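[1] make a model of this:
(one chain, ligands or ions: 1)
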Amino acid sequence: MVAIDRSRLAVLVEQEAQAYAAANPRSRELYDASGNLFGHVPMTWMNKWSGGFPLYLDHAHGARITDVDGHTYVDFALGDTGAMAGHSPDPTIKAVTSRTGDLGGLTTMLPTADAQWVGAELTARFTLPLWSFTLSATDANRWAIRLARLATGRSKILVFGYCYHGSVDETFAVTNPVHGGTYSRPGNVAPPVPVDLTTRAAVWNDLESVEAALRHGDVAAILTEPALTNIGIVLPEPGFMEGLRELATRYGALLMIDETHTFSAGWGGATTAWGLQPDIFVIGKSIGGGIPCGAYGLSEDVAARVTHHTDTGDADIIDVGGVGGTLAGNALSLAAMRATLGEVLTPQAFDAMIDLATAFTEGVEASIEEFDLPWSIAQLGARAEYRFAYPAPRTGEEAAAAADDDLDAYMHLAMCNRGILMTPFHNMALMCPATERADVDRHTEAFHEAVAALRG
Ligand code: PMP
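    Numbers count the residues shown, from 1 in each chain. Predicted coordinates for the structure are as follows:
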């Protein structure tokens, strides 16, 4: 396989950046005028955008985004999964509108019947029998971690190097793949305590490293996605997920599965598609169709162990014990979840989305092969992601080592200039129910054109 010509790449990045700047004067103007915002953007991660300034949204619908300069894009970023149901799907808008009208009520201190419907639906999809709601996947992880500690009486969480579960302190940990140990992940912003006090890190796809961490007897839960999806997609090797389940049971730890992204695997996520057996399940982002929400599910056993402590009065989950938020479980989020799950992210929608992701993957693979690129692509149901490494990375550490800022910038700008949005943090593409075959073909062509230019 021939390496990428870096001087050609530098020239191409410059060309694409100039074309991007020339095409987007209004976005540039808004960015330059937003000096009252920290980092010029509403949230600092929005600076993760090639070309020096982000595009500004005018409106979005289905699989399309229109920016303030009047360009309409095929959106494969889909809010990094928050818009997996497509932008503003009709049933969600209808449900939300009825909550915002005269007979509505957005947030009260009362439950609505929608919550029961959603709880039953989450059980049907993801198997866990008991559910609580949050406003984000981050909070679902945070609160579920507290419950895991309470249920087991243990202090530590096991995570994999280069995982991401939201801004949860315990999870910014890496290990040394040779010597073991737990260290703060590079870039971790001001951790409250040294991370090895709260966490044991292990290596993805390496059951020995997991067992070494569990042997200490202080791990409350293994927290993981069924595939790493925030450092490229690193799929589990055969037997790895089964091994995690077996080791968790053997060493008295809970298995906590975060399907915020891997929900793309199918109607019931990877949990149902692959027959996983989590003790705790976490999801967020997509299930409210874009309205902030999240949820965590508990097994009967975990729930009983928690209520043992709350019954005896040594922990408080009703008042200010550290689990819960005022707006969590609000009527608007629940109405949005009911409509999105019931009418948008249906089994039929998943079938079509997965077929499209397969076509996307095949299109990228064909160009990788034709131009003999040292790259790989991984598909997880309705999402696919290419990585600048061949063979595909097996661990978070290998995936992190394959990061390439220049290639990222080139591919993102080249796609953007050709009417296609990819997820800024990755080269990830997600399909939604409104994505069409023509959108995927457009990407296949644009990708081919971009890599052909790279090869010269
Ligand atoms: N879990 C996973 C697996 C995620 O990928 C993310 C966000 N990318 C989160 C949790 C956190 O989601 P949020 O930022 O919406 O809370």
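
[2] other residues contacting stretch 64-73?
    23-27, 30, 55-60, 74-75, 87, 416, 419-421, 434 (Cβ atoms under 8 Å, 6 or more residues apart in numbering). Backbone N, C-alpha and C define where each C-beta goes, glycine included.

[3] give the buried subset of those residues as a PyMOL selection command.
    A single PyMOL command is used to select the members of the contacts of stretch 64-73 judged buried by 16 or more other Cβ atoms under 10 Å:
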select buried, resi 23+24+27+30+55+56+60+74+75+87+416+420+421+434
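
[4] out of the contacts of stretch 64-73, list just those in strands.
    Leu57, Asp58, His59, Ala60, Val74, Asp75, Ile420, Leu421 (DSSP state E).

[5] out of those, which touch the ligand?
    With Cβ under 6 Å from any ligand atom as the criterion, the ones in strands among the contacts of stretch 64-73 include none near the ligand.

[6] quick one, domains of the protein?
    What automatic domain parsing lists as the domains of the chain is 6-84+348-455, 90-344.

[7] what mean pLDDT does the first one have?
    So that's domain 6-84+348-455. Taken as a whole, domain 6-84+348-455 has an average pLDDT of 97.

[8] next one: the longest one
    Per-region confidence: domain 90-344 scores 97 on mean pLDDT.

[9] got the end-to-end distance for that domain?
    9 Å (Cα to Cα, to the nearest Å).

[10] show me what contacts Gly294?
    133-140, 260, 282-285, 287.

[11] for the residue in the stretch 301-450 of the chain that the ligand sits nearest to, which non-adjacent residue is spatially closest?
    Residue of the stretch 301-450 of the chain nearest the ligand, by Cβ to the nearest ligand atom: Phe425 (7.9 Å). Nearest in space to Phe425, with sequence neighbours left out and distances taken as Cβ to Cβ, 6 or more residues apart in numbering, is Lys48 at 5.9 Å.

[12] kindly report the residues of this protein close to the ligand.
    80, 136-138, 164-166, 225, 230, 258, 260-261, 284-285.

[13] tell me the spacing between Gly35 and Val41.
    In this view, Gly35 and Val41 are 11 Å apart by Cβ to Cβ, to the nearest Å.

[14] now swap in Leu130 and tell me
    Leu130 is 38 Å from Val41, by Cβ to Cβ.

[15] re earlier: tell me which element the residue of the stretch 301-450 of the chain closest to the ligand falls in.
    Remark: Phe425 resides in no helix or strand, with elements defined by DSSP states H and E.

[16] what about Ile377, which SS state?
    Reduced to three states with DSSP: H, G, I helix; E, B strand; the rest coil, the structure at Ile377 is strand.

[17] go on, Glu121?
    Classified using three-state DSSP, Glu121 is helix.

[18] in the stretch 351-456 of the chain, which spans are helices?
    Using DSSP state H, counting those that start in this stretch, the helices of the stretch 351-456 of the chain run over 396-401, 405-417, 437-455.

[19] reformat those helices as JSON lines; add distance to Ala253.
    Output for the helices of the stretch 351-456 of the chain, formatted as JSON lines (distance: least, Cβ to Cβ, whole Å):
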{"stretch": "helix 396-401", "distance to Ala253": "20"}
{"stretch": "helix 405-417", "distance to Ala253": "36"}
{"stretch": "helix 437-455", "distance to Ala253": "41"}
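
[20] for these, which one sits closest to Leu380?
    Closest approach to Leu380 among these is made by helix 396-401 (13.8 Å; Cβ to Cβ).
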